[in-house]
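Novice: got a sequence here, can you model it:
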Amino acid sequence: MSGVGQYSAFADVAIYEALRTPWVDLGGALSLVSPIDLGIKVGREVLARAGIDPLAVDSVLAGSMAQASFDAYLLPRHVGLYSGVAQSVPALGVQRICATGFELLRQAAEQLRDEVQLALCVASESMSRNPIAAYTHRDGFRLGGEVQFKDFLWEALYDPAPGLDMIATADHLARRHGLSREAVDRYACASHQRALQAQRDGAWAEEIVTVDNQVFELEGYQPRGISLARRAAAVTQDSHPRPTDLAALARLRAVHANGVQTAGNSCAVVDGAAAALVGRASACPRAPLARLLASAVVGVAPEFMGIGPAPAIRLLLHRSGLSLDHIGRFEINEAQAAQVLAVAQELELDSARLNVQGGSLAVGHPLAATGLRLVMTLAGQLRRHNLRYGIAAACVGGGQGMALLIENPAYRG
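Specialist: As a prediction, this is how the structure comes out:
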């Protein structure tokens, strides 16, 4: 179907295993760690947990948005090498902003159509190490001229095409869909409460690996490693989920005048990394985490970029022959509360199936890594509740939406 997006269906593709670091607040214990080293950590851990020899990996796919270290260009290659993958195996950098984690899985599945048998997918993001950057100083500064350094972490949220930042695009959706400040705050409060409950219940325990101070050796090459900030010995769980209530959220000032989005109902800024192994379902040595059935990606108007998951999910369902009623759980990234509510309104989703463990408002959104977290969280829910199908989706800055359809391999109908 031309002009409505891109749809891909996959046969015999499975996510063997997936895991992540804890998501840690901006300036926290992970703030001094290069995203390359966070990526190496999860790359090594996912191979160990799956019981797979790193030399069995045929392809390395890795993604990170910000230039958060001077050797950032080498992230995919170093993640592969220091994870123990054979030197002859190539590595590819992947980027689709907030949907990078999804795109890693999609590209891995596409590679399985050819000679690749097993792909290591890693996404890593250090929001804390986003630079203060200048782009116009290579030839020096004129006498008395303006020296323009800006905060990349903040400026990257701005889209010059519509002349709006990402928060303003959510405010656009709130006005178009009639979403009040109270409704948006109420959703954010529920996200925090659900995340706290999930944390207490240990719902994320199986997907999180402890990060501590360590050295990564590679014979014949310089060692790399992790040195945690704030004298931390180890990081064991997500740091952002916290008690809140409507009164506390209501006291926060809107980012834009007459808008509904605040620091409390927008995604938390965190550091973290995630990894997944993707291979043929028929060759998996044990029951896989999930089967990857299909993906869909679409473009939308940049000024309403947050609505992207709605048409992506519609395309995914239409081409796969499923309906909303077939989907047991939805994990839709919570970039902003108004954005998620607008998507839910368009699709007529009920809250009992949407982000039932909370989402990025409470847990945080390390850009490239979020898609992998959504998928592993979704897969865990399908298994625990004996549900067959789940959809993970996200909006993408600049005006895109992406969605993945997964199936629970242990489903008993």
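Novice: show me where this protein has helices.
Specialist: Assigned by DSSP state H, the chain shows helices spanning 35-50, 75-82, 100-111, 152-155, 166-177, 181-201, 246-250, 309-320, 337-347, 360-363, 370-384.
Novice: buried residues in the third one?
Specialist: Translated: helix 100-111. Thr100, Gly101, Phe102, Glu103, Leu104, Leu105, Arg106, Gln107, Ala108, Ala109, Gln111 (16 or more other CB atoms under 10 Å). C-beta here means a position set from N, CA and C on the backbone, and glycine is covered the same way.
Novice: swap in stretch 190-209?
Specialist: 190-196, 198-199, 203-204, 207-209.
Novice: that older thread, turn the buried residues of helix 100-111 into a markdown table, including pLDDT and distance to Ser360.
Specialist: Below are these laid out as a markdown table (pLDDT from 0 to 100; distance: CB to CB, whole Å):
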| residue | pLDDT | distance to Ser360 |
| --- | --- | --- |
| Thr100 | 98 | 14 |
| Gly101 | 98 | 12 |
| Phe102 | 98 | 14 |
| Glu103 | 98 | 18 |
| Leu104 | 98 | 18 |
| Leu105 | 98 | 18 |
| Arg106 | 98 | 20 |
| Gln107 | 98 | 23 |
| Ala108 | 98 | 23 |
| Ala109 | 98 | 24 |
| Gln111 | 98 | 28 |
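Novice: and which of the residues you listed is nearest to Gln6?
Specialist: Nearest to Gln6 among the buried residues of helix 100-111 is Arg106, at 9.2 Å by CB to CB.
Novice: OK, contacts around Thr404?
Specialist: Heads up, residue 404 is Leu, not Thr. Phe102, Leu105, Arg106, Leu292, Ala294, Ser295, Leu316, Gly371, Val375, Ile391, Ala392, Ala393 (CB atoms under 8 Å, 6 or more residues apart in numbering).
Novice: from Asn258, how far off is it?
Specialist: 36 Å (CB to CB, to the nearest Å).
Novice: what's the answer for Gln87, then?
Specialist: The value you get for Gln87 to Asn258, if CB to CB is used, is 57 Å.
Novice: same thing with Val46?
Specialist: 46 Å.
Novice: for Thr100, what are its contacts?
Specialist: Thr100 neighbours (CB under 8 Å, 6+ apart): Gly63, Ser64, Met65, Val94, Ala123, Leu367, Ala368, Ala369, Gly371.
Novice: please state the backbone phi and psi of the third one?
Specialist: Geometry field for Met65 lists phi and psi as phi -80, psi -50, criterion degrees, to the nearest 10.
Novice: so what's it up against?
Specialist: Counted by CB under 8 Å, 6+ apart, Met65 has contacts Gln95, Ile97, Thr100, Glu125, Ala156, Leu367, Ala368.
Novice: look up how far Ala233 lies from the closest residue to Ala232 other than its chain neighbours.
Specialist: Among residues not flanking Ala232 along the chain, Ala29 sits closest, at 3.9 Å (CB to CB, 6 or more residues apart in numbering). The gap separating Ala29 from Ala233 is 9 Å, by CB to CB.
Novice: between those two, which has more neighbouring residues?
Specialist: Ala29 (22 against 8; other CB atoms under 10 Å).
Novice: pretty sure the more buried one contacts Ala229?
Specialist: Yes: between Ala29 and Ala229 there is a contact under CB atoms under 8 Å: 5.5 Å.
Novice: for the residue of the chain most remote from its centre, give me the pLDDT.
Specialist: No residue in the chain sits farther from the centre than Leu143, which is 44.3 Å out by CA atoms, centre = their mean. Reported pLDDT at Leu143 in the predicted model: 79.
Novice: can you show me the strands along the stretch 1-150 of the chain?
Specialist: 6-9, 13-20, 24-25, 59-63, 91-93, 118-125, 132-133, 150-151 (DSSP state E, counting those that start in this stretch).
Novice: got the buried residues for stretch 288-304?
Specialist: 288-300, 302-304.
Novice: stretch 74-90 now?
Specialist: By neighbour count with 16+ other CB under 10 Å, stretch 74-90 contains the buried residues Leu75, Pro76, Arg77, His78, Val79, Gly80, Leu81, Tyr82, Ser83, Gly84, Val85, Val89.
Novice: output it as PDB, nothing but the C-alphas.
Specialist: Taking Å, rounded to 0.1, in the frame of the first residue of the first chain, the C-alpha atoms of stretch 74-90 are listed here in PDB:
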ATOM      1  CA  LEU A  74      32.600   3.800  17.600                       C
ATOM      2  CA  LEU A  75      29.600   2.800  19.800                       C
ATOM      3  CA  PRO A  76      28.300  -0.100  17.600                       C
ATOM      4  CA  ARG A  77      31.700  -1.500  16.900                       C
ATOM      5  CA  HIS A  78      33.000  -1.300  20.500                       C
ATOM      6  CA  VAL A  79      29.800  -2.700  21.900                       C
ATOM      7  CA  GLY A  80      30.300  -5.700  19.700                       C
ATOM      8  CA  LEU A  81      34.000  -6.200  20.300                       C
ATOM      9  CA  TYR A  82      33.900  -5.800  24.000                       C
ATOM     10  CA  SER A  83      30.900  -8.000  24.300                       C
ATOM     11  CA  GLY A  84      33.000 -10.800  22.900                       C
ATOM     12  CA  VAL A  85      31.600 -11.000  19.400                       C
ATOM     13  CA  ALA A  86      34.000 -12.200  16.700                       C
ATOM     14  CA  GLN A  87      36.200  -9.500  15.200                       C
ATOM     15  CA  SER A  88      35.000 -10.400  11.700                       C
ATOM     16  CA  VAL A  89      31.300  -9.600  12.600                       C
ATOM     17  CA  PRO A  90      30.300  -6.200  11.400                       C
END
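Novice: and the average pLDDT for that stretch is what?
Specialist: On average, stretch 74-90 scores 98.
Novice: how far off centre is that stretch?
Specialist: Relative to the centre of its chain, stretch 74-90 is centred 22 Å away, using CA atoms, centre = their mean, to the nearest Å.
Novice: below-threshold pLDDT in the stretch 1-150 of the chain: ranges please.
Specialist: Per-residue confidence for the stretch 1-150 of the chain (pLDDT under 70) gives these ranges: 1-2.
Novice: any idea how far Leu26 lies from Ala250?
Specialist: Using CB to CB, we find Leu26 at a distance of 24 Å from Ala250.
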